[in-house]
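K.L.:
let's see this in three dimensions:
(chains A, B, C and D)
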There are 2 protein chains.
Amino acid sequence: MSTSRTMRADARKNYEALIKTARKHLSSQGVTTSLDAIAREAGVGVGTLYRHFPDRDHLIFAALNAQGEELRTAADLIRSAETGLERLERWLAQVQNYLSSYQGLPDSIAQALESGDKTPLAITCQEIIEITDGILADAQQEGTVRPGIKGQDLFETTLMTAWLISQEPERQRGLGGVGEILRHGYRS
Amino acid sequence: MSTSRTMRADARKNYEALIKTARKHLSSQGVTTSLDAIAREAGVGVGTLYRHFPDRDHLIFAALNAQGEELRTAADLIRSAETGLERLERWLAQVQNYLSSYQGLPDSIAQALESGDKTPLAITCQEIIEITDGILADAQQEGTVRPGIKGQDLFETTLMTAWLISQEPERQRGLGGVGEILRHGYRS
DNA sequence: TGAGCATACGGAGAGGGCCTCCGGTTGACA
DNA sequence: TGTCAACCGGAGGCCCTCTCCGTATGCTCA
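P.N.:
Below is the predicted model of the structure:
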């Protein structure tokens, strides 16, 4: 979908208002926030919301990827790292951050992954796993990450961690224990 | 609450019918199943359900601990293990199994842990962590588990894993990768 | 410019879930 | 058997999701 130039002007305006309001509500209320309320606050009928975003996941995905916070652009931060391990861990931190954008997002993602792989969220995950595989290969080459580890595994551990974080947003103690176990788990 | 002998006979009967139906619905539909539907199928008014179980968590907790599937009784399986590590891992497997009883249970638990520690679910978790600490100490004594690891950490990784499992019930591939990373992460 | 049409809008309404409240019922005990 | 505390049922208010269709409006082309 996205704001294409073949959209009518009013449609584009509504689309953008919806995304803007959705981002706000998703950030403060999590992925289960009321879609009705979003439409209302965006000054748009519910029908309009559902026409633009057939289901909740489509809206979440669009809100997530609006503006420039996509992972791809963040790839720059990674390049400056010296070792492959450092690059991998910076990348995983980015992914974790991305997956924790909204409270409950990991649940939506896991469900999307389970039921068919055609949804936008599922496709995004597949892309993340592929990128991870690439970075991982370098780290394994240099011997800092154990062989046998797969990008899929690291994605899953990162998703799990994002889930834990988004459930307990207060504890800023950075889940030291869990993170340490995981790092020790894939490093050589 | 529980089925006490100070309850009136009709109250006890309803309580038990509710638990029975709740177990069925929770098992097949997960923790978000309709409470109205449970009351209906149990042949009881909704008011009765809410009087016995003030909120969803109370019902989940009661359903979880009805009959003998509590973790405590499963402690027997653990004793036969020879090494402390083996005992620990069997215990964690039990906990993981318990935490995956219903789809979405880990979410309920995480929320209970976050908001006050007085809920039955939160109390149960605290108990599990304490038991884990005990078993963990033995394993650390014998040198098979790294020092610095805490019962809380192992509980959290187990909860995360249970979440992943309960989200993707199909994949019986046993999340080989994730499990292997975690085991490697806490072992010496 | 303005007529005509494809595109898009809005919101009522059906369906369902949550939870409360209170008039009515019933088990227990004297 | 009578009395009352304990317990029941379910109507009803509120909120949410999602569909459907009559209405409105941006766009295009003559």
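K.L.:
CA atoms for contacts and neighbours, from now on please.
P.N.:
OK.
K.L.:
by proximity to chain B, which residue of chain A wins?
P.N.:
Of all residues in chain A, residue A:185 sits closest to chain B, at 3.7 Å by C-alpha to the nearest C-alpha.
K.L.:
what's near enough to touch that residue?
P.N.:
Contact partners of residue A:185, counting by C-alpha atoms under 8 Å, 6 or more residues apart in numbering or on different chains, are B:180-186.
K.L.:
please, which helix or strand holds it?
P.N.:
If you go by DSSP states H and E, residue A:185 is part of helix A:176-186.
K.L.:
what about that helix, average pLDDT?
P.N.:
For helix A:176-186, the mean per-residue pLDDT is 96.
K.L.:
report the buried residues of that helix.
P.N.:
For helix A:176-186, a neighbour-count test (16 or more other C-alpha atoms under 10 Å in any protein chain shown) marks A:177-179, A:181-186 as buried.
K.L.:
closest to DNA strand C out of these?
P.N.:
Nearest to DNA strand C, judged by C-alpha to the nearest atom of the strand, of these is residue A:178 at 31.8 Å.
K.L.:
surely the closest one touches residue B:156?
P.N.:
Yes - using C-alpha atoms under 8 Å, residue A:178 is in contact with residue B:156, at 7.1 Å.
K.L.:
so where is chain A shaky, pLDDT-wise?
P.N.:
Counting by pLDDT under 70, the ranges of chain A that qualify are A:1-5, A:67-69, A:72-76, A:117, A:169-174.
K.L.:
so which residue of it comes closest to DNA strand C?
P.N.:
residue A:47 (2.8 Å).
K.L.:
how many residues are close by that residue?
P.N.:
If you count neighbours by other C-alpha atoms under 10 Å in any protein chain shown, residue A:47 ends up with 11.
K.L.:
ok, it to residue A:60 distance?
P.N.:
For residue A:47, the distance to residue A:60 equals 17 Å [C-alpha to C-alpha, to the nearest Å].
K.L.:
how about residue A:119?
P.N.:
Remark: distance between residue A:119 and residue A:60 (C-alpha to C-alpha) = 11 Å.
K.L.:
who has more neighbours out of these two?
P.N.:
Per other C-alpha under 10 Å, whichever of residue A:119 and residue A:60 has more neighbours is residue A:60, with 23 against 15.
K.L.:
nearest residue to that one other than its sequence neighbours?
P.N.:
residue A:31 (7.3 Å; C-alpha to C-alpha, 6 or more residues apart in numbering or on different chains).
K.L.:
contacts only, for the one you found.
P.N.:
Contacts for residue A:31 were tallied using C-alpha under 8 Å, 6+ apart; they are A:60, A:102-105, A:108.
K.L.:
dump those into CSV; add secondary structure and distance to residue B:145 as well.
P.N.:
Formatted as CSV, the contacts of residue A:31 follow (DSSP: H, G, I helix; E, B strand; the rest coil; distance: C-alpha to C-alpha, whole Å):
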residue, secondary structure, distance to residue B:145
A:60, helix, 41
A:102, coil, 35
A:103, coil, 33
A:104, coil, 33
A:105, helix, 33
A:108, helix, 35
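K.L.:
closest to residue B:92 out of those residues?
P.N.:
Of all these, residue B:92 sits closest to residue A:104, with 25.3 Å by C-alpha to C-alpha.
K.L.:
would you agree that closest one is in contact with residue A:163?
P.N.:
Yes - Residue A:104 lies in contact with residue A:163 (C-alpha under 8 Å); the separation is 7.1 Å.
K.L.:
need the contact list for residue A:165.
P.N.:
The neighbours of residue A:165, taking C-alpha under 8 Å, 6+ apart as the test, are A:100, A:175.
K.L.:
Three-state assignment for it, please.
P.N.:
Put simply, residue A:165 is helix when judged by DSSP: H, G, I helix; E, B strand; the rest coil.
K.L.:
mind listing residues that contact stretch A:105-117?
P.N.:
Residues outside stretch A:105-117 that contact it (C-alpha under 8 Å, 6+ apart) are A:30-31, A:57, A:99-100, A:119, A:121-123, A:159-160, A:162-163, B:164, B:167-168.
K.L.:
how many other residues sit next to residue A:103?
P.N.:
Using other C-alpha under 10 Å, residue A:103 has 25 neighbouring residues.
K.L.:
let me fix that, I meant to ask about residue A:188.
P.N.:
Neighbours around residue A:188, by other C-alpha under 10 Å: 12.
K.L.:
again with residue A:77
P.N.:
Around residue A:77 there are 12 other residues, counting by other C-alpha under 10 Å.
K.L.:
how near is it to residue A:88?
P.N.:
For residue A:77, the distance to residue A:88 (C-alpha to C-alpha) stands at 11 Å.
K.L.:
and if you look at residue A:71?
P.N.:
When distance is defined by C-alpha to C-alpha, residue A:71 is 14 Å away from residue A:88.
K.L.:
higher neighbour count, these two?
P.N.:
The neighbour comparison of residue A:71 against residue A:88 (other C-alpha under 10 Å) goes to residue A:88, with 23 against 15.
K.L.:
residues in contact with that one?
P.N.:
Contacts for residue A:88 (C-alpha under 8 Å, 6+ apart) come out as A:132, A:135-136, A:139.
K.L.:
take those and keep only those in helices.
P.N.:
Assigned to helices by DSSP state H, the following of the contacts of residue A:88 qualify: A:132, A:135-136, A:139.
K.L.:
which of those are close to chain B?
P.N.:
When contact is defined as C-alpha under 8 Å from any C-alpha of the partner chain, the ones in helices among the contacts of residue A:88 do not meet chain B at all.
K.L.:
what does chain A put close to chain B?
P.N.:
For chain A, the contact set with chain B under C-alpha under 8 Å from any C-alpha comprises A:107, A:110-111, A:114, A:149-150, A:153-154, A:156-157, A:160-161, A:163-164, A:167-168, A:177-178, A:180-186.
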